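A.B. asks: Mind looking at a prediction? Sequence and model below.
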Amino acid sequence: MILGFDTSGPWCGVALLRGDTLVAARHEEMRKGQAERLFPMIEEVLGAGGADLAALDAVGVGIGPGNFTGIRIAVSAARGLALSLGVAPVGVSLLEAMAFGAPKGAPVLAALSAPRDHVYIEGFGTRRDIPRAFLPLAEVPEDFAEDGLTVVGTAADEVAKHLGAAQRAAAHNPAEAIALIAAQRWQGEVPPPAPLYFRPADAAPASDPPPRILDET
């Protein structure tokens, strides 16, 4: 039994596998509230799949890139669950999850929206190596285009137009893909999941001086 979940984008998603069969899943679009929704959704999916936490063999989690807070929520939850249950935690990048399920041998460019007209990209099965990168949309190299290339992900429309390539929807919702990928890896040597960040947080330390502490003695 493999549980997968993701809150790295404006959504909350959970999926449950038995073997390689998807038995239950939920995916809800939301810009905030993932921390409050995640565990109730996990309970709903487990209930729909006729399972409980004790039945799990592994926990897959989306590690980003994406929303800083959302990534931390999911990764912390996965590591805590895995530790308490004594099972394997498996981190999966959202870029890989978006590309998962593409036709075998077909080149895919995963592209995710990022702030300030930037994108996260990574190539899968492409003729030239396209490693994970965070860059302005206008600076995505046009020679990334190749015959048969399709672009998937939340920035697929913009990147496909920029490259003159085709686009398609991801084959699975993020949590489903994460669970399916985790099912292929959980019995191997996998490092503990950690957030995948490409850039510093938008939040900055307060510039105001700290409040004065009065000595009441």
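C.D. replies: Thanks, I have it.

A.B. asks: Downstream of the one helix or strand residue 22 maps to, the next helix or strand is which one?
C.D. replies: Residue 22 is part of strand 21-29 when elements are defined by DSSP states H and E. Using DSSP H and E, the helix or strand that follows strand 21-29 in sequence is helix 34-48.

A.B. asks: Just the C-alpha atoms of that following helix, please, in CSV.
C.D. replies: What follows is helix 34-48, C-alpha atoms only, in CSV (Å, rounded to 0.1, in the frame of the first residue of the first chain):
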residue,chain,number,x,y,z
GLN,A,34,-3.6,23.0,2.6
ALA,A,35,-2.2,22.5,6.1
GLU,A,36,-5.7,22.2,7.5
ARG,A,37,-7.0,20.1,4.6
LEU,A,38,-4.2,17.5,4.1
PHE,A,39,-4.8,15.1,7.0
PRO,A,40,-8.6,15.1,6.7
MET,A,41,-8.1,14.3,3.0
ILE,A,42,-5.6,11.5,3.8
GLU,A,43,-8.3,10.0,6.2
GLU,A,44,-10.9,10.3,3.4
VAL,A,45,-8.7,8.6,0.8
LEU,A,46,-7.7,5.8,3.2
GLY,A,47,-11.4,5.3,4.1
ALA,A,48,-12.4,5.2,0.5
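
A.B. asks: quick one, what contacts residue 162?
C.D. replies: 137-138, 140, 142 (CB atoms under 8 Å, 6 or more residues apart in numbering). For glycine as for every other residue, the C-beta is placed from the backbone atoms N, C-alpha and C.

A.B. asks: Given the strand holding residue 22, what are its sheet partners and their directions?
C.D. replies: Partners of strand 21-29 in the sheet, by DSSP bridges, are strand 11-18 (antiparallel).

A.B. asks: neighbouring contacts of the strand it pairs with?
C.D. replies: With CB under 8 Å, 6+ apart, strand 11-18 has contacts from 1-7, 22-30, 33-34, 37-38, 41-42, 44-46, 48-49, 51, 173-176, 178-180, 183.

A.B. asks: Buried ones only from those residues, please, as a ChimeraX command.
C.D. replies: Filtering the contacts of strand 11-18 down to the buried ones (16 or more other CB atoms under 10 Å) takes a single ChimeraX command:
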select :1,2,3,4,5,6,7,22,23,24,25,26,27,34,37,38,41,42,45,46,49,51,173,174,175,176,178,179,180,183
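
A.B. asks: how distant is the strand holding residue 22 from the center of its chain?
C.D. replies: Chain-centre distance of strand 21-29: 15 Å, with CA atoms, centre = their mean, to the nearest Å.

A.B. asks: which intervals of the protein have sub-threshold pLDDT?
C.D. replies: 199-217 (pLDDT under 70).

A.B. asks: which residue packs closest to residue 66, ignoring adjacent ones?
C.D. replies: In space, and not counting its chain neighbours, residue 66 is closest to residue 8: 3.4 Å by CB to CB, 6 or more residues apart in numbering.
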